[in-house]
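> Just the structure for this:
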Amino acid sequence: MADLTQAMIENWVSNEATGQFHYTKVLDGLIEPKLYPQVRTILHRLKEKGIAVPVNGKDGWWRPVDRKADEICWWETPEDTGENLKLPIGLNKYCYIPRPSLILVAGKYNAGKTAFCINVVNQNLELWKDNINFFVSEGAEMMGRKMANLNSHIPTPPPFKMYRRTENFADVTEPDALTVIDYLRVNMEQSYAIGNELFHIFNKLKTGIAVVAMQKPPGARKLAFGGAATAFEPSLYIAMDETISFEKIKVPKILDRDPYSLKIQYTIYKGVNFHDIHEVFE
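Modelled structure (predicted):
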């Protein structure tokens, strides 16, 4: 390609580029290497024109300026946040769940994360009808036994979809559905990156809600592996250890007692049923 112009690159960035791109891939990678310095110069000119921006921390990478924005018609919504999701163990008395929302359930191993997720699905069959997607790490035999232990009256086939999946959950999160994920693993060598994964899940939501289970260390710490980065997106953050408690409530209900001082004691029967529930305020 002997004749390279700014107009050619500007048109490609504005109308054809999708997401991030390396400057060597401009014009679908058809540019001769000897013209790469010219491409870099043109991209910096496009930056000044507000057409392209460099990607932070990735030398040579660019993206088109994103001017898309979904208008929020806030005046058309009810004055009060509705009961958009039914939560286990009576947690709805303490909080509202707006749409869209990300709910994070952080629990140590065997604390009942799967039981919580299964109960969310079961309790919302009527409210969300056939608009529930349940992603699990276990197979059909294990999940079938647990579902039967909780609700033996679920019709066949059930009104929700269950899939076995262990990664890339944002790719399958539907904008207007109830998405339940049991569970989101953390790469312990890059635990800082989990915040981005949660953001991508939340960013897919329009009117939907995502409930995400994650592992946390045992003990007093409420946050999942990944630490503070996991707390940015959730509108509700629940910790499960020997008790259930709140780490974050973005839309609390007006109560006489502080929900952050609440500890809910419980036992789990047959792996999925919450029993012996006692609320203790400290």
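
> Residue 263 reaches residue 241, doesn't it?
No. The criterion here is Cβ atoms under 8 Å, and residue 263 misses it with residue 241 at 9.6 Å. All C-beta atoms are positioned from the backbone trio N, CA, C, and that covers glycine.

> Those two: which is more packed in?
Remark: of residue 263 and residue 241, residue 241 carries more neighbours, 19 against 16, as counted by other Cβ atoms under 10 Å.

> if I look at the more buried one, how far off is residue 262?
In this view, residue 241 and residue 262 are 14 Å apart by Cβ to Cβ, to the nearest Å.

> and if you look at residue 173?
Using Cβ to Cβ, residue 173 is found at 30 Å from residue 262.

> same check, this time on residue 94
Residue 94 sits 7 Å away from residue 262, going by Cβ to Cβ.

> Among residue 173 and residue 262, which residue is more densely surrounded?
More crowded of residue 173 and residue 262, by other Cβ under 10 Å: residue 173, with 22 against 18.

> ok, now which ones touch that one?
179, 201, 204-205, 208, 210 (Cβ atoms under 8 Å, 6 or more residues apart in numbering).

> ditto for residue 162
Residue 162 touches 134-136, 143, counting by Cβ under 8 Å, 6+ apart.

> Counting neighbours, which bits of the one helix or strand in the chain whose mean pLDDT sits lowest end up buried?
When the helices and strands of the chain are scored by mean pLDDT, DSSP states H and E, helix 140-150 comes last with a mean of 86. Judged by neighbour count (16 or more other Cβ atoms under 10 Å), helix 140-150 contains these buried residues: 143, 146-147, 150.

> Please render those as TSV that adds distance to residue 278 to the earlier fields.
Converted to TSV, those look like this (distance: Cβ to Cβ, whole Å):
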residue	distance to residue 278
143	29
146	24
147	27
150	21
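
> now, which of those sits nearest residue 114?
Nearest to residue 114 among the buried residues of helix 140-150: residue 146, at 7.1 Å, using Cβ to Cβ.

> Kind regards, and thank you for your time.
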